[in-house]
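[1] Build me a model:
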Amino acid sequence: MYVTSVPNRDSPPAVLLRESYREQGKVKTRTLANLSHWPEHKVQTLKRALKGLPPAIDLCEAFEITRSLPHGHVAAVLGSAQRVGMAELIDARPSRNRDLVTAMLVAQVIGPDSKLATARGLRTQTATSSLGQLLGVTGCDEDDLYAAMDWALARKDAIEKSLAARHLTNGTLVLYDVSSAAFEGRTCPLGAIGHPKDGVKGRLQIVYGLLCTTAGIPVAIEVFEGNTADPKTLAAQISKLKDRFGLSRVCLVGDRGMLTNARINEELRPAQLDWISALRAPQIKALVATGALQLSLFDEQDLFEITSPQFPGERLVCCHNPVLAEQRTRKRQELLTATEKELTPIAAATGRERRPLRGRDKIALRVGKLINHYNMAKHFTIEITEESFTFTRNTEAIAAEATLDGIYVLRSSLPEQTLATDDVVLRYKGLEDVERFFRTLNTELDVRPIRHRLADRVRAHVFLRMLSYYISWHMKQALAPIMFVDNDKPAAAAKRANPVAAAQRSDTALAKAARKRTIDNTPVHSFTSLLADLATICANHIQPAHDMPAFTMTTTPTPLQRRAFELLAISHRHGLT
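    Okay, here's the model as predicted:
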């Protein structure tokens, strides 16, 4: 059996499938089919098949990659969200709104963006990853996402209550801190000028307070008007803990600007909540003046407890940190020098020959603008006359303040049987985890810019940011061995001489930071760079030639990528069929 071309007068040659056979000793030929209507590639394929040869196909032409969508980072984040039960936390019943909220949370971890850009990245035609396909939301638009935000905000209380049930119990310690975020636009009723904790001055802002565990796991968040003072946010948190979460025995840990005397006496005591906070500098000076705190005791130890009639029923834990003392001394010297640098031109202006600065009021006006720029006015003695201005350092005031450098006093209502002295210090220092959360929330997770105009949309925006951080927090714990994170906490704790000393990193963490490689000799990543690495694993949609059915093939992971998915206990093909 063979294929041959036969001349066909003035027409193109006929392509015939023929068979040769013998009959009575003669070789005869018969035509089995006319293949003239076949395309050339099919004719050539049949010719080679009849000769027993493999098909002559260029592999580059045998398959066509019709779409490649970054998938690895989606698999990692979405899989982690499912492992921590995020979907069930949002709502026990499956729904399109639940899928849209999950999509926004995953997109927020991967790459924060506006709702318009997020919707564009989910849709089929403009997809930037496999996320929309995996969650079945490829047809959404920005209005769908806004509606899902409103839906999620209505469920905020229930979600926070579920988080509290997971991570908070009676007798637990709860960390609380407040931060701010600059606001875009001028029409939202929550936007106001206030004290900018995020460093963005002169802009409308919002204030938000976070409740989290001592490990830094976020549990609840509340948004306030931008000019709300930190202590004024405390009542809402007490209501959450007592009424909504149903906790009767809780210890609130907050900084001295938050848990003031007024808040403790007017809110915490009536609610029968315990607390760990710190004294302000004037309160420490008063303890020294009355003799309740004797500075000579620090010559023998860095940590001890005292009592004082000014704080009845409370434990006062006195700490001295030499490293902190050195830092404060150095910073004070720098600020004094900077203040002198600003005041010197004014003094020179009063003594110049041409157009000298004259007049007590004029001189005082210029001095007043600069004298307290660095909060150092208390350390200078100034003299202003009609014709001169002089200033000198107040060495006595500077020396008096220097005696308290590195000294801080913690106050707690918890009895010794509940929390030892060392633990009081360590729990208070746990506030660093909350502050680290706020730094992350304002930068890496991009609370800013806040583009929403409605108050509830702003609240939903911040709430979803907290939930996305909840996912990334758990991911970072699992991925710690291949990240610039200390994954040997017991070894780090063992290196700490006492709780007053600065936290130490384990030898493993120091080695990772120095070599930029793990103990398995793989590169060390930050969380952001690791997600970018995982994103190179793509879901490749492939269409074979000759009308064969299409299929999807994922990129083979590198050893480091495979290790990341092993730590997360997720397949790199997660969600793909």
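[2] List phi and psi for Pro449.
    Main-chain torsions, Pro449, degrees, to the nearest 10: phi -80, psi 150.
[3] Glu184 is in contact with that one, correct?
    Yes - Pro449 is within contact range of Glu184, at 4.6 Å (criterion: Cβ atoms under 8 Å). Placement of C-beta: from N, CA and C, glycine included.
[4] list the residues that contact both of the two?
    Shared contacts of Pro449 and Glu184, defined by Cβ atoms under 8 Å, 6 or more residues apart in numbering, are absent.
[5] which residues touch Ile384?
    360, 363-364, 367.
[6] On the strand side of things, show who it bridges to.
    Phe389 (DSSP bridges).
[7] Roughly how far does it sit from Arg48?
    Ile384 sits at a distance of 104 Å from Arg48 (criterion: Cβ to Cβ, to the nearest Å).
[8] how near is Tyr470 to Ala119?
    23 Å.
[9] Please, which helix or strand holds Ala14?
    Of the helices and strands defined by DSSP states H and E, Ala14 is found in strand 11-23.
[10] So Val200: helix, strand or coil?
    When classified by DSSP: H, G, I helix; E, B strand; the rest coil, Val200 comes out as coil.
[11] Who are the contact partners of it?
    Contacts of Val200 by Cβ under 8 Å, 6+ apart are 182, 448.
[12] Reformat the contacts of Ile384 as CSV; add secondary structure, neighbour count and pLDDT.
    Compiled in CSV, the contacts of Ile384 are given as follows (DSSP: H, G, I helix; E, B strand; the rest coil; neighbours: other Cβ atoms under 10 Å; pLDDT from 0 to 100):
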residue, secondary structure, neighbour count, pLDDT
Arg360, helix, 13, 91
Ile363, helix, 22, 92
Ala364, helix, 14, 91
Val367, helix, 20, 91
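[13] Tell me the one of those nearest Glu305?
    Val367 (44.8 Å; Cβ to Cβ).
[14] Quick one, grab the pLDDT at the residue nearest to that closest one when sequence neighbours are not counted.
    Leaving out its chain neighbours, the residue that sits closest to Val367 by Cβ to Cβ, 6 or more residues apart in numbering is Ile346, at 5.9 Å. Confidence at Ile346, expressed as pLDDT, is 93.
[15] Locate Ile346 within the secondary structure: which element?
    Here Ile346 is assigned to helix 322-351, by DSSP H and E.
[16] Packing partners of that helix?
    Where contact means 3 or more Cβ pairs under 8 Å, 6 or more residues apart in numbering; DSSP states H and E, helix 322-351 is packed against helix 360-370, strand 389-393, helix 395-402.
[17] any idea of the angle it forms with helix 360-370?
    Per axes from the mean of the first three to the mean of the last three Cα atoms, to 10 degrees, the angle that helix 322-351 makes with helix 360-370 is 150 degrees.
[18] I'd like to check the angle between helix 322-351 and strand 389-393, please.
    160 degrees.
[19] in helix 322-351, what's buried?
    Across helix 322-351, burial judged by 16 or more other Cβ atoms under 10 Å covers 324-325, 328, 332, 336, 339, 343, 346-347, 349-350.
[20] Please apply the same query to stretch 563-574.
    563-565, 567-568, 570, 572-574.
[21] do the same with stretch 37-54
    Here stretch 37-54 shows 38, 43, 45-47 as buried, counting by 16+ other Cβ under 10 Å.
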